[in-house]
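Visitor: My questions concern the predicted model and sequence given below.
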Amino acid sequence: MTRRLAGMLAIAGLATAFATGAAAQQQQVKFDTPLHIVVGYAPGGATDRVARIVGDKLTSRLGVPVVVDNKPGAGGRLAAQQVKATPASQNVLMLANPAVMVVAPLVFKDNNYDAERDFVPVSYVNDYNFALAVSPTLPVRELNHLLAWMRANPNQANVGVPATGSLPHFFGLMVGEKAKVQTQVIGYRGSAPLLNDVIGGQVPVAVDTEDVAVPQHAAGKLRILAISGAKRSPFLPDVPTFKEAGLDLAATGWNTFFAPATMPKEKAERLAVVIREVMQDPDTQRKFKDSGMTPVVSTQAQTAAMLKAYRAQWAPVVQKSGYQP
């Protein structure tokens with residue numbers, strides 16, 4: 001045996017021993033009190049549904065009750081402030097989306113939390129597309145036709161979004177910039193009034209998350225012209241991506257579990273492993289898909305890398321928009 005090979009085997013043995021030791025250490029982490037999952041939105045929304053699907057599965061694996069705590073307000077920022085202040089002795093996670101952990105830190109000066117310093121990413125569990133939809137009264141059926149119509153009718157080129165400062169808002173601006181179309185983004189108080197106005201023809205175009213737009217598209221009440229993901233959605237196999245439709249643009253949103261920075265490292269690592277196991281469960285994946293969401297199986301390191309890349313993609317868009325709450 002050469003010295004080089006012997007050295008490589010020794011390193012491999014150390015790595016295996018380290019991994020085995022780390023796994024054993026995680027197994028020793030016990031949860032003696034309930035785990036609380038804090039969601040910054042009211043019950044019934046997409047983030048709340050994700051928390052409840054995963055929470056139900058965590059109960060048996062952790063051996064303690066898992067409670068979903070809804071703390072709506074300030075676009076999810078109240079929940080972040082609460083979780084940041086959690087003592088190390090309490091078991092708590094926050095399920096958050098980019099509005100709380102990427103956009104808010106860029107546009108609000110009084111967040112009272114630092115998204116990177118005060119939280120530890122634990123597990124990225126699903127992503128979702130943005131859908132660009134039009135009123136059935138609008139005589140267009142393809143994205144390039146819509147863009148031509150918007151250029152010819154700049155006074156009517158309004159794009160509705162479920163909230164100002166939301167990711168659909170900034171994605172709508174990205175579409176306008178990429179297509180060199182001047183658009184007026186109109187913020188609504190939620191998806192329901194937005195979709196009602198698109199269906200009724202009061203606003204010609206909407207950008208919203210895929211899960212809320214698909215049912216209306218399926219019912220023929222509006223037409224989705226393009227999806228923001230890098231590949232076609234399993235929920236809309238006949239609808240092209242923006243790239244397929246001729247606009248070199250791709251973006252998605254996500255839901256990710258975060259632990260407060262006060263949580264012991266071993267406990268956060270244990271939760272990351274267990275949530276990954278939950279997301280590999282076929283029943284979990286079925287429930288996500290039945291809710292119109294795409295499940296993701298991710299390690300803690302992959303989650304951190306995703307967040308870094310996501311912030312690099314969206315920070316210039318948000319800053320360039322000049323958006324102020």
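Guide: That came through, no problem.
Visitor: Can you list the residue ranges for helices in this structure?
Guide: Assigned helices in the chain, in chain order: 3-28, 46-62, 77-84, 98, 104-107, 143-152, 167-179, 191-200, 210-218, 265-280, 282-290, 300-321 (criterion: DSSP state H).
Visitor: Comparing those by mean pLDDT, which bottoms out?
Guide: Lowest mean pLDDT within these: helix 3-28, at a mean of 51.
Visitor: What residues of stretch 125-140 count as buried?
Guide: 125-135, 138, 140 (16 or more other C-beta atoms under 10 Å). Where C-beta positions appear, they are placed from N, C-alpha and C, glycine not excepted.
Visitor: First-to-last residue distance for it?
Guide: Chord length of stretch 125-140, first to last residue, is 36 Å (C-alpha to C-alpha, to the nearest Å).
Visitor: that older thread, among the buried residues of stretch 125-140, name the ones in strands.
Guide: V125, N126, D127, Y128, F130, A131, L132, A133, V134 (DSSP state E).
Visitor: ok, I53 to P168 distance?
Guide: In this structure, I53 and P168 are 23 Å apart, going by C-beta to C-beta, to the nearest Å.
Visitor: who has more neighbours, those two?
Guide: P168 (28 against 24; other C-beta atoms under 10 Å).
Visitor: Who are the contact partners of L147?
Guide: A179, V181, L247 (C-beta atoms under 8 Å, 6 or more residues apart in numbering).
Visitor: Turn the residues you listed into JSON lines, columns for distance to V161 and neighbour count.
Guide: JSON lines is the format used below for the contacts of L147 (distance: C-beta to C-beta, whole Å; neighbours: other C-beta atoms under 10 Å):
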{"residue": "A179", "distance to V161": "16", "neighbour count": "20"}
{"residue": "V181", "distance to V161": "15", "neighbour count": "17"}
{"residue": "L247", "distance to V161": "18", "neighbour count": "19"}
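Visitor: rewinding a little: any chance of the helices of the chain in JSON lines, plus distance to F242?
Guide: Shown next, in JSON lines, are those (distance: least, C-beta to C-beta, whole Å):
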{"stretch": "helix 3-28", "distance to F242": "41"}
{"stretch": "helix 46-62", "distance to F242": "21"}
{"stretch": "helix 77-84", "distance to F242": "30"}
{"stretch": "helix 98", "distance to F242": "18"}
{"stretch": "helix 104-107", "distance to F242": "23"}
{"stretch": "helix 143-152", "distance to F242": "7"}
{"stretch": "helix 167-179", "distance to F242": "8"}
{"stretch": "helix 191-200", "distance to F242": "19"}
{"stretch": "helix 210-218", "distance to F242": "13"}
{"stretch": "helix 265-280", "distance to F242": "27"}
{"stretch": "helix 282-290", "distance to F242": "23"}
{"stretch": "helix 300-321", "distance to F242": "15"}
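Visitor: looking at these, which is closest to L35?
Guide: Minimum separation from L35 across these (C-beta to C-beta) falls at helix 46-62, 6.2 Å.
Visitor: May I have the closest one as PDB, with CA atoms only?
Guide: The C-alpha coordinates for helix 46-62 follow below in PDB (Å, rounded to 0.1, in the frame of the first residue of the first chain):
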ATOM      1  CA  ALA A  46     -49.800  28.600   1.900                       C
ATOM      2  CA  THR A  47     -47.200  29.100   4.600                       C
ATOM      3  CA  ASP A  48     -49.600  28.000   7.300                       C
ATOM      4  CA  ARG A  49     -50.500  24.900   5.400                       C
ATOM      5  CA  VAL A  50     -46.800  24.000   5.000                       C
ATOM      6  CA  ALA A  51     -46.300  24.400   8.800                       C
ATOM      7  CA  ARG A  52     -49.200  22.100   9.600                       C
ATOM      8  CA  ILE A  53     -48.200  19.400   7.200                       C
ATOM      9  CA  VAL A  54     -44.700  19.300   8.500                       C
ATOM     10  CA  GLY A  55     -45.700  19.800  12.100                       C
ATOM     11  CA  ASP A  56     -48.000  16.800  12.100                       C
ATOM     12  CA  LYS A  57     -45.100  14.600  10.900                       C
ATOM     13  CA  LEU A  58     -42.600  16.000  13.400                       C
ATOM     14  CA  THR A  59     -44.700  15.100  16.400                       C
ATOM     15  CA  SER A  60     -44.100  11.300  16.200                       C
ATOM     16  CA  ARG A  61     -40.400  11.800  15.200                       C
ATOM     17  CA  LEU A  62     -39.600  14.100  18.100                       C
END
